[in-house]
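Undergrad: Provided below for reference: sequence and predicted model.
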Amino acid sequence: MNVLAEWSYTPAKSRLGYTRETIWLGLGNRDGDYRFEKRPVSDDMIDKFIGGRGFGLRLLWDAVTPETKWNDPENEIVISGGPICGITQYPGAGKCYSVFLSPLTEQTYNSNAGGYFAPLLKFSGFDALELQGKSDVEVVIFIDGDNGRVQILESNVRDDKNAYTVTEHLHEYFSEDEKDKKNISVVSSGVAAAHTYWGCMNFSFYDPRRKVARLKQAGRGGGGTVLRDKNVLALVVKMSHVSGTSTGPADVATLSRVGGKLHKEIRDFDDVQCRMRTVGTAHLNEIMNDYDLLPVNNYKFGRHKNIAKIHSDEYTKRFTQGLPDGCWYGCSLSCAKATPPFELKTGPCKGRQVIVDGPEYETAAGLGSNLGIFDPDWTIEANFYADHYGIDTISLGTGFAFVCECYELGLINEEQTGGLRLRFGNKDDLMELIHRMARGEDDFSRTVALGTRKMKKLFAEKYGADRKAMEDIAMEGQGLEASEYRCQESMAQWGGYFLTLKGPQHDEAWLIFMDMVNKQLPTFEDKAEALFYFPNFRLWFSLVGLCKLPWNDIEPEDNHTKYKGIEAAKVPEHVQNYVDIYNAVTGKAVTKGDLITMSERVYNFERIFNLRMGKGKRADHNCPSRGLGPVFEDEWNARPEYFDEKLREAGTEPDGMTVKDKTAKLQEYRRGQWELLVDAVYKRRGWNRNGIPTLETVRRLGIDYPDVVDLIEKNQRPEDAFR
Amino acid sequence: MIKVNGEEIPWRNGMTVQDVLDAKSFTFRMISVWINENPVGRRENYSSTLVPDGASVDVVHMISGG
């Protein structure tokens, strides 16, 4: 490939989890003005923002203005792992976060992925990578940690610019031999990301046993769309020297001891707990069905008679077994499942045998039951093409589910869809819509590709579709499509989805069992406390470079008898593991309580960042009616006795009422409950009634920077204060 | 009657923990069961542990996934 620009540097070694340097790459403004800059990491940045998502937010804050849009050159993609990222002693330590202004939500977004990119970036000398500007030609960016140089290369990929092809090509191009391929990681998207706001980023690692590059997705929020908008085909990092001490930890013995303990738990108990090593997160399919949580037909229903067809046993049969499927060294949880060679039946790769990563639960449900499809082979093919084309499988599933319901309600028709009959379960036409989105040639697929929030507006404007009906059924919050859990019967999970920083993604809180089944959160204050603790605890993983799954998808054998209630759900011994490994890497002496404060600081900073971008207020925390309960009579009639009882609990006697009136009454009641929940949560988080962190909160957390204080003072109103 | 997570269900003679789980369709693997504040322990005890009439049974589902 033709070298457009090159820069040499001396790679800093990681010490106590940090190299204390970041790299800024400027692509110009379609003018070929390529620039490189090494930037120091300050003590304040480490103390307040820790790493990973925290670094991303801090760096993005400095890069953009309140007027910056997602497709302005000033928008950045910031990729950072965090201080623990890259250790090999503890499972799940290769994660990184990508932070950017999102085309979908028009505010900050952060999306995580496994793969080798973040650890290799750190060992190449950088705690974070900032990518800013737009290239005039399509480029591949190569960070060569072995030789201390960064190159911007003119892409030589002319034909298939999709993820699997690009990734394989670049592993081959930059490696000396087969053995060298594992020292490389590629970040890419695909051709659909040029047309859709659902563009995902694929992070690779090389699988020497299968002899293929595997892909892990930072799927959500449209990061792949931003990458393509910058005219970047791929980011590549190479670093050949990786060891268990590459992070420069303070206490290797503790890392080994704590890691060894968890490896033993996984070995002894995974088979009787979550079976992550055999089926990954797809073990949840039938569980969600049993508890009426599986999204079926755009979240209308929570279970389906054909569940056996997508039972986890069906996926277990389709995944290769017995291989160490970790997406970073040392992860014995091994949930990155993949199929053996799978023959594609449609599209440009028809007839090819491919290894498909996944599906994970979200994809199995989103590109399965939520579309009324109970055919694992169809889901695997849709999963392959979504990754290959660079489309987030969750937004794709939820967005398509919305389209199907619009079609079945007659809000859109076959003429408008370009001849596609988009009923639930119509596998052929839904697959064709995926391919059309990749081509981006027709008006309907381009409209769908802009995401559910914009679909509502455009379906109304172009096709005269009923806006109110679409608002009721569209499972989106803040512009982001919901992930694949039916939350309507858990009030706490209304908050877990719709009182979040970035929209209804499940990474902040999953409280459905705790609330709906265990009945551990009876009051608004209980729910608010859970919606304070769990989002903050879970955010901590994103600061340090860890995967969340080894926290609670494997548990100590006596966790459930040693601890009771909510304490057991926190998995106290694993929380202590995190304290121990954080201290062992950084040489610090934090406590369990400190983990929450570290997160709370970044949580509030992100909320304020969204305020800065013109969002981040109460009005932006929208919750659709479908998220609160049944919208139509058939939903009520699926569980009539249950919903009648819920109405009685709400103080209304259902006897003699029509189903339509009962549905409306329950919706009215729950909307009132939602508003009470919002107040309780905001109060617990130290925000005002308008959802804005108070000055007292930012001062307590030490993020009272002058521009932050100025922003809050401009937006606070006396009437919003809690008395 | 017994109470399971605060909700009443009919009791019958010889009722075991496993019977309670079946009655409630609690199929999730990562649970802990407590009878009158006492832990039942391992899953293999569920089919042999009797639930007394009037008991308060807590079936705590841990969080997974997500």
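TA: Nice, thanks for sending it over. Numbering: from 1, shown residues only, chains lettered A, B, ... in the order given.

Undergrad: In chain B, what residue lies closest to chain A?
TA: Closest residue of chain B to chain A, CB to the nearest CB: B:Ser32 (3.0 Å). Heads up, the C-betas are built off the backbone N, CA and C, glycines and all.

Undergrad: check which helix or strand covers that residue.
TA: Using DSSP states H and E, B:Ser32 maps to strand B:31-35.

Undergrad: Render the CA-only coordinates of that strand in PDB, please.
TA: Below are the C-alpha coordinates for strand B:31-35, written out as PDB (Å, rounded to 0.1, in the frame of the first residue of the first chain):
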ATOM      1  CA  ILE B  31     -30.600 -19.400  42.200                       C
ATOM      2  CA  SER B  32     -30.400 -19.700  45.900                       C
ATOM      3  CA  VAL B  33     -33.300 -21.000  48.000                       C
ATOM      4  CA  TRP B  34     -34.000 -20.000  51.600                       C
ATOM      5  CA  ILE B  35     -36.700 -21.500  53.800                       C
END
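
Undergrad: Pull the residues that contact the helix or strand just after that strand.
TA: Toward the C-terminal end, the helix or strand that comes next after strand B:31-35 (DSSP H and E) is strand B:38-39. Applying CB atoms under 8 Å, 6 or more residues apart in numbering or on different chains, the set of residues contacting strand B:38-39 from outside is A:560-561, A:564, B:32-33.

Undergrad: ok, what's across the strand from the residue of the stretch 101-250 of chain A found nearest chain B?
TA: Proximity of the stretch 101-250 of chain A to chain B (CB to the nearest CB) peaks at A:Asn112, 12.7 Å away. For A:Asn112, the beta-bridge partners are A:Tyr97 (DSSP bridges).

Undergrad: Per-residue pLDDT of it, please?
TA: We have a pLDDT of 95 for A:Asn112.

Undergrad: Based on its surroundings, how many neighbours for it?
TA: Neighbour count for A:Asn112, taken as other CB atoms under 10 Å in any protein chain shown: 24.

Undergrad: wait, what's in contact with the residue of chain A found nearest chain B?
TA: At 3.0 Å from chain B, A:His560 is the closest residue in chain A, using CB to the nearest CB. By CB under 8 Å, 6+ apart, A:His560 lies in contact with A:568, B:30-32, B:39, B:60, B:62.

Undergrad: If we use 7 Å, what do you get?
TA: When contacts are counted by CB atoms under 7 Å, 6 or more residues apart in numbering or on different chains, A:His560 touches A:568, B:32, B:60, B:62.

Undergrad: before we move on, the earlier item: I'd like to know how far the residue of the stretch 101-250 of chain A closest to chain B sits from A:Asn71.
TA: Note on A:Asn112: its distance to A:Asn71, by CB to CB, to the nearest Å, is 23 Å.

Undergrad: isn't the residue of the stretch 101-250 of chain A closest to chain B right next to A:Val544, touching?
TA: No. Between A:Asn112 and A:Val544 there is no contact under CB atoms under 7 Å: 11.6 Å.

Undergrad: A:Lys564: what's its closest spatial neighbour, skipping adjacent residues?
TA: Distances taken as CB to CB, 6 or more residues apart in numbering or on different chains put B:Trp34 closest to A:Lys564, at 6.7 Å, once the chain neighbours are dropped.

Undergrad: show me where chain B has helices.
TA: Here chain B has its helices, by DSSP state H, at B:17-24.

Undergrad: Any residues of it in contact with chain A? List them.
TA: Residues of chain B found near chain A (CB under 7 Å from any CB of the partner chain) are B:5-6, B:25, B:27-30, B:32, B:34, B:39, B:41, B:60-66.

Undergrad: which SS state does A:Ser256 fall under?
TA: Three-state assignment for A:Ser256 (DSSP: H, G, I helix; E, B strand; the rest coil): helix.

Undergrad: what number of residues lie near it?
TA: 15.

Undergrad: and it, what pLDDT?
TA: pLDDT at A:Ser256 comes out at 97.

Undergrad: just to revisit the earlier point, residue contacts, the residue of the stretch 101-250 of chain A closest to chain B?
TA: Contacts of A:Asn112 (CB under 7 Å, 6+ apart): A:95-97, A:218, A:542.

Undergrad: cutoff 10 Å now
TA: A:52-53, A:95-98, A:118, A:203, A:216-220, A:507, A:541-542, A:545-548 (CB atoms under 10 Å, 6 or more residues apart in numbering or on different chains).

Undergrad: List the buried residues of the top strand by length along chain A.
TA: As assigned by DSSP state E, the longest strand anywhere in chain A is strand A:21-29. Buried positions in strand A:21-29, judged by neighbour count with 16 or more other CB atoms under 10 Å in any protein chain shown: A:21-28.

Undergrad: what's that strand packed up against?
TA: The elements that strand A:21-29 packs onto, with contact taken as 3 or more CB pairs under 10 Å, 6 or more residues apart in numbering or on different chains; DSSP states H and E, are strand A:2-8, strand A:35-40, helix A:53-63, strand A:76-80, strand A:128-134, strand A:139-144, strand A:149-154, strand A:232-238.

Undergrad: Please verify my assumption that A:Ala364 contacts A:Ile394.
TA: No. Using CB atoms under 10 Å, A:Ala364 is not in contact with A:Ile394, being 11.1 Å away.

Undergrad: Identify the contacts common to the two.
TA: Contacts common to A:Ala364 and A:Ile394, judged by CB under 10 Å, 6+ apart, are A:370, A:484.

Undergrad: So which residues of chain B form strands?
TA: Here chain B has its strands, by DSSP E, at B:2-4, B:7-9, B:31-35, B:38-39, B:56-61.
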